[in-house]
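**Student:** Curious how this folds, go ahead:
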Amino acid sequence: MNMWWFITTLAITAFICNSPAYAYDNNPLQDICVAVNDSQAAVFVNGKICKDPKFATANDFFASGLNVSGTAVPGSGAAAKFLTVDNIPGLNTLGISIGRIDLEPQGLAPLHTHPRATELITVLEGTLYVGFLVPDRANFFKSRLFSKILYPGDVFVFPIGLIHFQFNVGNKKATYLTAFNSQNPGFIFIPNSIFGSNPPIPDDVLTQGFQLSKTQITELRRKFS
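**Tutor:** A predicted model of the protein is given here:
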């Protein structure tokens, strides 16, 4: 009997360990948990300290400014503005956030991922070419590209954690809203993360990984650092 329980437990453990793991925001255990910068507060949830609910106001759940473009990103032809828990403290524990992106013609939101969120975009103006990469199950050295040309009113979804991009292929500015199912989706820009790391990744790793010369690696570090 003891051996049977051991085998059963081992099988269940193996199944769980080989099952996909998901890292969505925790489900809230209370109606509101407004973030507050008060080290004396008693409740600490999702990386933020919660305000006593009786002191919460409507302004804790409000923000404005998505009618205008945000901060320009040097060298990309893009401007971005995000409303997260840092701008709307009432978002704490709710698992959502939103932003606005403006891309000049030929402007690019480069290859990047959001490790904690699925992203949904809605095009307001302009023409976008967007896409994301899914690993090939048959050959993990390859991937499949899902891409689409989007116009005003179109909606597109980038699954959680997958590498994706947005590129303005039109001749005028493109504007879109971006929504995440996380209060803090995270942003990992692939070229910057690889070639602009501190301390830097050793040259031998990068030259072999990308089949490039050390001179080319140095040039990429200069561009993305």
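**Student:** now do the same end-to-end measure for stretch 71-91.
**Tutor:** Stretch 71-91 has an end-to-end distance of 22 Å (CA to CA, to the nearest Å).
**Student:** To clarify, my last question referred to stretch 50-57.
**Tutor:** First-to-last residue span, stretch 50-57, CA to CA: 13 Å.
**Student:** Could you verify that residue 123 is part of a helix?
**Tutor:** No. Secondary structure of residue 123 (DSSP: H, G, I helix; E, B strand; the rest coil): strand, not part of a helix.
**Student:** Quickly note the distance from it to residue 66.
**Tutor:** Distance of residue 123 to residue 66, computed by CB to CB, to the nearest Å: 14 Å. Just so you know, the C-beta spots here come from the backbone N, C-alpha and C atoms, and that holds for glycine as well.
**Student:** Show me which of those two is the more surrounded one.
**Tutor:** residue 123 (20 against 16; other CB atoms under 10 Å).
**Student:** In this structure the more buried one contacts residue 173, no?
**Tutor:** No. Residue 123 lies out of contact with residue 173 (CB atoms under 8 Å); the separation is 11.7 Å.
**Student:** Pull the number of nearby residues for residue 208.
**Tutor:** 10.
**Student:** mind checking pLDDT for it?
**Tutor:** Note for residue 208: predicted pLDDT of 95.
**Student:** How about residue 141?
**Tutor:** Listed pLDDT for residue 141 reads 87.
**Student:** what's the spacing between it and residue 216?
**Tutor:** For residue 141, the distance to residue 216 - CB to CB - is 21 Å.
**Student:** higher neighbour count, the two?
**Tutor:** Under the neighbour definition other CB under 10 Å, residue 141 and residue 216 were set side by side, and residue 216 has more, 13 against 6.
**Student:** how long is stretch 93-101 end to end?
**Tutor:** 24 Å.
**Student:** let me fix that: stretch 135-148
**Tutor:** 18 Å.
**Student:** tell me the pLDDT at the most centrally placed residue in the chain?
**Tutor:** With distances taken as CA atoms, centre = their mean, residue 114 lies nearest the centre of the chain, 2.1 Å away. The model reports residue 114 with a pLDDT of 94.
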